[in-house]
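**Q** got a predicted structure here, sequence first:
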Amino acid sequence: MAVLTDYHFHTELSHDSVAPYYDMVMAEYNAGVRRLCTTDHCDVIHWQTREFLPECRTLARRELEAYQAVRDRLPPDLELRMGMELAELFHYPELTEELTSPPWLDYILGSAHVTMEFGDYSLADYADPSQRERIYDIYLRDLQRAADLNYFDAMAHIGYIRRYAMRAGVDMGLTLARHGERIEHLLRTIIQNGRGIEINCSGLRDGCGPFPSEEILRLYKSLGGEIVTIGSDAHRPQDAAKCLARGQEVLKACGFRYIAAFTKHKPSFIPI
Ligand SMILES: [Zn+2]
Ligand SMILES: [Zn+2]
């Protein structure tokens, strides 16, 4: 079985997963993953009310406790890192140091999930053409804010809101034809800051394609982007490691030869 790397998955420490931590880690291991990093949600604002969530200040500690509780039962050939998926931090930039500095964290995935305008991206009205452009406008604005704050090791699932558009019957994603200038600016910011992006394979599971799309991955490569992590974004044991092998094929087709893993926020490169 090929050795896989998964730098994006969730456990019961996330509000949208009920999978016990140990079960989820072992599901990843049994699916062939040997380099694994936890990325439970550290949400700074609530997905509906948009109010500050004080629990974000305890996630790193809870992550450490969950790891320590299972450490002795982990397979010796599993490299398990600790990370978090930290979203909407740019609304509270004064918390950056506090949330990102716990010394046991190896990896921070930066995300945009929720907007002050309409809450979680799944709640926006993609069926309304006038709203649709606005949603993408807001999404790119918030990704740029996250990139400018420069608090993460890799930016998560660029373009994933295509999933919600498709659920509303509209096939609309980020494209260079419509959003090229802003996407290029975003990628240049990430590269100049020495950060990376992830290829999120959850869209390969449900027919939405990789996040980001191949044309955005190719643009990132052509701009000099080298750091790419890979993640299944599994929230359930049955999705553990799903489509990681396909994601690696997508990366190869886009000219990448390595995926990144992180130790204390320093990337190392694994040939694919
Ligand atoms: Zn996410
Ligand atoms: Zn996630």
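**A** Sure, I can see it. Ligands and ions are numbered 1, 2, ... in the order given.

**Q** how about the residues of the chain by ligand 1?
**A** Within the chain, the residues that sit near ligand 1 (Cβ under 5 Å from the ion) are 111, 156. Quick note: C-beta positions are derived from backbone N, CA and C, even for glycine.

**Q** look up phi and psi at the closest residue to ligand 1 within the stretch 151-272 of the chain.
**A** Nearest to ligand 1, among the residues of the stretch 151-272 of the chain, is residue 156, at 5.0 Å (Cβ to the ion). The phi/psi pair for residue 156 (degrees, to the nearest 10) reads phi -80, psi 150.

**Q** count the residues that sit near it.
**A** Per other Cβ atoms under 10 Å, the neighbour tally for residue 156 reads 27.

**Q** skipping adjacent residues, who's closest to residue 268 in space?
**A** Distances taken as Cβ to Cβ, 6 or more residues apart in numbering place residue 261 nearest to residue 268, at 5.4 Å, with adjacent residues excluded.

**Q** the one you found should be in a strand, yeah?
**A** Yes. Per DSSP: H, G, I helix; E, B strand; the rest coil, residue 261 lies within a strand segment.

**Q** circling back to that earlier point, pretty sure the residue of the stretch 151-272 of the chain closest to ligand 1 contacts residue 195?
**A** No. Using Cβ atoms under 8 Å, residue 156 makes no contact with residue 195, being 11.6 Å away.

**Q** which of the three states applies to the residue of the stretch 51-200 of the chain found nearest ligand 2?
**A** Using Cβ to the ion, residue 85 is the residue of the stretch 51-200 of the chain that sits closest to ligand 2, at 4.8 Å. Assigned with three-state DSSP, residue 85 falls in the strand class.

**Q** what bridges to it?
**A** Beta bridges link residue 85 to residue 41, residue 109, judged by DSSP bridges.

**Q** number of nearby residues for it?
**A** By other Cβ under 10 Å, neighbour count at residue 85 equals 27.

**Q** now do the contacts for it.
**A** 8, 10, 39, 40, 41, 42, 109, 111, 156 (Cβ atoms under 8 Å, 6 or more residues apart in numbering).

**Q** if we go to 7 Å?
**A** Neighbouring residues of residue 85 by Cβ atoms under 7 Å, 6 or more residues apart in numbering: 39, 40, 41, 42, 109, 111, 156.

**Q** widest-spaced pair of the residues you listed?
**A** 40 and 156 (12.7 Å; Cβ to Cβ).

**Q** and the closest residue to ligand 1 within the chain, how many residues sit next to it?
**A** Going by Cβ to the ion, ligand 1 is nearest to residue 111 of the chain, at 4.4 Å. Counted with other Cβ under 10 Å, residues neighbouring residue 111 total 28.

**Q** that one and residue 87 touch, don't they?
**A** Yes. Between residue 111 and residue 87 there is a contact at 4.1 Å, judged by Cβ atoms under 7 Å.

**Q** quick one: contacts for the nearest residue to residue 173 once chain neighbours are set aside?
**A** Closest residue to residue 173 apart from its sequence neighbours, by Cβ to Cβ, 6+ apart: residue 162 at 3.5 Å. Listed by Cβ under 7 Å, 6+ apart, the contact set of residue 162 reads 172, 173, 208.

**Q** again, but for residue 7
**A** Residue 7 touches 37, 39, 107, 198, 229, 230, 231, 261, counting by Cβ under 7 Å, 6+ apart.

**Q** residues near the last one, how many?
**A** Close neighbours of residue 261, defined as other Cβ under 10 Å, add up to 21.

**Q** same question for the fourth one.
**A** Residues within reach of residue 198, counting by other Cβ under 10 Å, total 31.

**Q** residues in contact with the spatially most central residue of the chain?
**A** Geometric centre of the chain, nearest residue: residue 156, 2.9 Å, by Cα atoms, centre = their mean. Each residue near residue 156 by Cβ under 7 Å, 6+ apart is listed here: 8, 85, 109, 110, 111, 198, 200.

**Q** next up, phi/psi of the last one, please.
**A** Main-chain torsions, residue 200, degrees, to the nearest 10: phi -100, psi 120.

**Q** just checking, it touches residue 229?
**A** No. At 9.3 Å, residue 200 does not count as touching residue 229 under the criterion of Cβ under 7 Å.

**Q** residues near the residue in the stretch 151-272 of the chain positioned nearest to ligand 2, how many?
**A** The nearest approach of the stretch 151-272 of the chain to ligand 2 comes at residue 233, 4.5 Å away (Cβ to the ion). For residue 233, the neighbour count with other Cβ under 10 Å is 25.
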